[in-house]
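Undergrad: Quick one, structure for this:
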Amino acid sequence: MTGAVVTALRALLGDGGVLTERHDVARYETGWRYGSGRAFAVALPATPQQVADVLRACAEHGVRVQPLGANTGLVGASNPDATGEQLVLSLERLNATIDVDPIDAVAVVDAGVLLSQLQAALEPHGLWFPIDLGADPQIGGMVVTNTGGTRLLRYGDVRRNLLGIEVALPDGTLVERLQRLRKNNTGLDFKQLFVGTSGAYGVVTRATLQLGPLPRQRATAFVAAGDGQAVLDLLASLTRAVGDVLTAFEVISHDALEITLRRGHNLRTPFRGELPAYAALVELASTFGPERLDLQAALEEALVAHAEGDPRGGIVDVLIGDGEDFWAIRHQITESVREEGRVLAFDVAVPRARLAEFTEAVRAALAQAYPFVRLCDYGHWGDGGSHLNLVWDRSAAPADEASFWSALQTLVYDLCVHGFDGSFSAEHGVGPHNHAFYRRYVPAPVQRAARALKEHFDPQRRLSHRYPD
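TA: As a prediction, the model looks like this:
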């Protein structure tokens with residue numbers, strides 16, 4: 001079966017379009033954080049029609065397919081299983097089209113285009129795709145995971161900025177809905193079926209993206225807070241005072257900040273004296289130049305007014321300075337924490353007014369059940385998202401790590417979903433890493449609807465994703 005499909009795929013893509021040697025295939029088999037498996041080959045289509053042709057050939061030969069973008073996902077959803085019977089369909093060569101319309105402020109983009117490539121192409125037009133990430137994913141991957149990022153507070157996620165889509169269905173049908181319309185209320189919004197569903201229904205080949213004007217100035221501050229509630233009070237105050245230009249509100253806990261400053265590269269400690277319980281990275285941005293709107297003055301004024309009017313005295317230090325230095329700290333947290341020990345990372349969301357309470361509840365539960373586990377949290381408190389990194393020394397963990405891992409997940413997710421009406425996956429998706437919890441928390445009617453769509457688009461289960469299924 002696999003030999004026959006490889007022959008068929010080489011006829012479609014040429015010898016360079018199909019990899020079968022182990023040393024070539026291996027790099028497509030392991031996820032960035034979680035997930036690994038084994039594939040019998042890798043297909044590398046270079047056009048949307050070739051993607052559809054690959055899927056049609058695989059359907060005819062009864063072969064399951066694992067689509068793969070830039071492999072920056074964090075829930076194990078982009079890698080083959082352990083059977084060795086799947087084909088990896090990599091979109092890395094599907095990257096020729098970046099069609100920019102500066103009047104419409106729209107771009108039609110191949111799914112394999114990297115976010116960095118898109119931004120570089122948009123900059124001469126004074127435009128950008130306003131989703132900012134530490135990673136450099138492909139556009140197709142951003143669509144199927146509904147990427148958010150650090151500036152979702154102002155600009156929204158991919159779902160909010162997606163106008164049209166082209167998708168190759170599991171049977172090889174290529175559906176083109178690359179409309180450039182901001183208003184289109186004609187029934188089912190077809191494109192949204194493929195946003196945030198991890199590629200379960202089809203492979204995105206192109207997307208029409210709504211763009212934004214590049215900001216002409218930014219103002220950034222690092223604000224030290226005595227506790228989580230002080231952070232939330234600051235967020236509410238800044239939303240009232242400068243909400244029209246508030247683009248980011250990122251929060252880093254003491255432990256995450258301490259590890260990052262110690263293990264990061266070319267970083268300097270921004271605060272005088274001891275590190276605070278929490279640090280909030282605040283950013284304002286505007287298309288107005290400083291001659292018309294002085295953002296730094298506006299930020300300083302808002303921060304001073306908040307500090308003077310805060311009866312709790314929750315703000316203990318304020319630094320207004322080089323945004324690149326502040327963002328460098330924020331973007332090195334993940335790698336720094338990974339060097340500290342074994343890490344189990346959570347991407348959760350709760351109503352943002354309850355973020356401080358939720359975090360303390362997790363901290364207390366860990367202290368009682370697993371005192372050797374250190375909570376290093378950070379994230380997008382401006383939109384209710386938090387990355388909870390649980391860190392421990394391998395020697396301190398129970399011998400049965402799989403059971404320990406599952407117990408930690410259940411502890412945190414039960415608190416999040418049942419205790420605080422939150423989401424067990426704020427923006428990373430479901431994937432094998434979270435599949436059991438999709439079954440545990442998502443209401444049965446929603447799961448039935450997802451299975452019905454899977455049955456409609458992929459009745460033979462050729463696309464390998466286990467969500468929704």
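
Undergrad: can you pull out the helices in the stretch 101-250 of the chain?
TA: 115-122, 139-145, 152-155, 158-161, 228-242 (DSSP state H, counting those that start in this stretch).

Undergrad: Specify the beta-bridge partners of the nearest residue to residue 374 once chain neighbours are set aside.
TA: Among residues not flanking residue 374 along the chain, residue 391 sits closest, at 4.6 Å (CB to CB, 6 or more residues apart in numbering). Any C-beta I mention is one placed from the backbone N, CA and C, and that applies to glycine too. As for beta bridges, residue 391 partners with residue 343, residue 374 under DSSP bridges.

Undergrad: Could you pull up phi and psi at residue 340?
TA: Torsion angles at residue 340 (phi, psi; degrees, to the nearest 10) stand at phi -80, psi -30.

Undergrad: That one: neighbour count?
TA: 20 (other CB atoms under 10 Å).

Undergrad: Return the residues in contact with it.
TA: Residue 340 makes contact with 259, 263, 374, 376, 391, according to CB atoms under 8 Å, 6 or more residues apart in numbering.

Undergrad: Any chance of TSV for the residues you listed, columns distance to residue 288?
TA: What follows is the contacts of residue 340, written out as TSV (distance: CB to CB, whole Å):
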residue	distance to residue 288
259	38
263	39
374	43
376	37
391	42
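
Undergrad: Which members of those are the farthest-apart pair?
TA: 263 and 374 (13.7 Å; CB to CB).

Undergrad: Only alpha carbons, please: show stretch 420-435 as CSV.
TA: Extracted in CSV, the C-alpha atoms of stretch 420-435 (Å, rounded to 0.1, in the frame of the first residue of the first chain):
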residue,chain,number,x,y,z
PHE,A,420,-13.5,29.3,37.4
ASP,A,421,-15.6,28.8,34.2
GLY,A,422,-12.5,28.8,32.1
SER,A,423,-11.0,27.0,29.0
PHE,A,424,-8.5,24.2,29.2
SER,A,425,-7.0,25.5,25.9
ALA,A,426,-7.0,29.2,25.4
GLU,A,427,-5.1,29.3,22.1
HIS,A,428,-2.9,26.2,21.6
GLY,A,429,-5.7,23.9,20.5
VAL,A,430,-6.6,20.4,21.5
GLY,A,431,-4.4,17.7,19.8
PRO,A,432,-3.3,14.4,21.5
HIS,A,433,-1.9,16.3,24.4
ASN,A,434,-5.4,17.5,25.5
HIS,A,435,-7.7,15.0,23.8
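
Undergrad: ok, and for it, which residues are buried?
TA: Neighbour-count burial for stretch 420-435, counted by 16 or more other CB atoms under 10 Å, picks out 420, 422-435.

Undergrad: Any stretches of this protein with poor pLDDT?
TA: For the chain, applying pLDDT under 70 flags the ranges 1, 31-35, 70-77, 464-469.

Undergrad: Residue 41 belongs to a strand, doesn't it?
TA: Yes. Assigned with DSSP: H, G, I helix; E, B strand; the rest coil, residue 41 falls within a strand.

Undergrad: you'd agree it is up against residue 28?
TA: No. With contact defined as CB atoms under 8 Å, residue 41 does not reach residue 28; the gap is 9.7 Å.

Undergrad: how about the helices in the stretch 251-400 of the chain?
TA: Under DSSP H, counting those that start in this stretch, the stretch 251-400 of the chain gives helices at 254-263, 295-309, 323-331, 333-338, 355-369.

Undergrad: Kindly reformat the ones you listed as TSV and extend each row with distance to residue 183 and mean neighbour count.
TA: As requested, those are arranged in TSV below (distance: least, CB to CB, whole Å; neighbours: other CB atoms under 10 Å):
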stretch	distance to residue 183	mean neighbour count
helix 254-263	42	20
helix 295-309	32	16
helix 323-331	35	18
helix 333-338	38	20
helix 355-369	35	17
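
Undergrad: Let me know the closest of the contacts of residue 340 to residue 317.
TA: residue 259 (19.8 Å).

Undergrad: List the contacts of the closest one.
TA: 333, 336-337, 340, 376, 391.

Undergrad: let's see it at 6 Å
TA: By CB atoms under 6 Å, 6 or more residues apart in numbering, the residues touching residue 259 are 336-337, 340.

Undergrad: Show me this protein divided up by domain.
TA: Listed by automatic domain parsing, the domain ranges of the chain are 2-90, 98-213, 217-333, 341-441.

Undergrad: of the ones you listed, which approaches residue 453 most closely?
TA: domain 98-213 (6.1 Å).

Undergrad: Straight-line length of the closest one, end to end?
TA: 17 Å (CA to CA, to the nearest Å).

Undergrad: And for residue 191, nearest residue in space, chain neighbours not counted?
TA: Here the residue nearest residue 191, using CB to CB, 6+ apart, is residue 165, at 3.9 Å.

Undergrad: wait, the one you found sits on residue 192?
TA: No. Counting by CB atoms under 6 Å, residue 165 stays clear of residue 192, with 8.8 Å between them.

Undergrad: More neighbours: these two, which one.
TA: For residue 165 and residue 192, the more surrounded residue by other CB under 10 Å is residue 165, and the numbers stand at 26 against 13.

Undergrad: who are the neighbours in contact with the more buried one?
TA: Residues near residue 165 by CB under 6 Å, 6+ apart: 177, 191, 207.

Undergrad: Just put the residues you listed in CSV and tack on neighbour count and distance to residue 114.
TA: Rendered in CSV, the data for these read as follows (neighbours: other CB atoms under 10 Å; distance: CB to CB, whole Å):
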residue, neighbour count, distance to residue 114
177, 16, 23
191, 23, 21
207, 27, 13
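
Undergrad: of those residues, closest to residue 307?
TA: Out of the contacts of residue 165, the member with the shortest distance to residue 307 (by CB to CB) is residue 207, at 43.7 Å.

Undergrad: OK, contacts around the residue nearest to residue 374?
TA: 340-341, 343, 374, 376.

Undergrad: what do you get if the cut-off is 7 Å, keeping everything else the same?
TA: 337, 340-341, 343, 374, 376 (CB atoms under 7 Å, 6 or more residues apart in numbering).

Undergrad: from those residues, which single one is nearest residue 52?
TA: residue 343 (39.0 Å).

Undergrad: Pick the one among the buried residues of stretch 420-435 closest to residue 450.
TA: For the buried residues of stretch 420-435, the nearest to residue 450 is residue 430 (10.2 Å; CB to CB).

Undergrad: That closest one against residue 198, yeah?
TA: Yes. Proximity of residue 430 to residue 198 meets the contact threshold set by CB atoms under 7 Å, at 6.2 Å.

Undergrad: right, and the domains of the chain - which one's nearest residue 450?
TA: Short answer: domain 98-213, nearest of these by CB to CB, at 7.7 Å.

Undergrad: what distance separates that closest one from the middle of the whole chain?
TA: Remark: domain 98-213 is offset 14 Å from the chain centroid, using CA atoms, centre = their mean, to the nearest Å.
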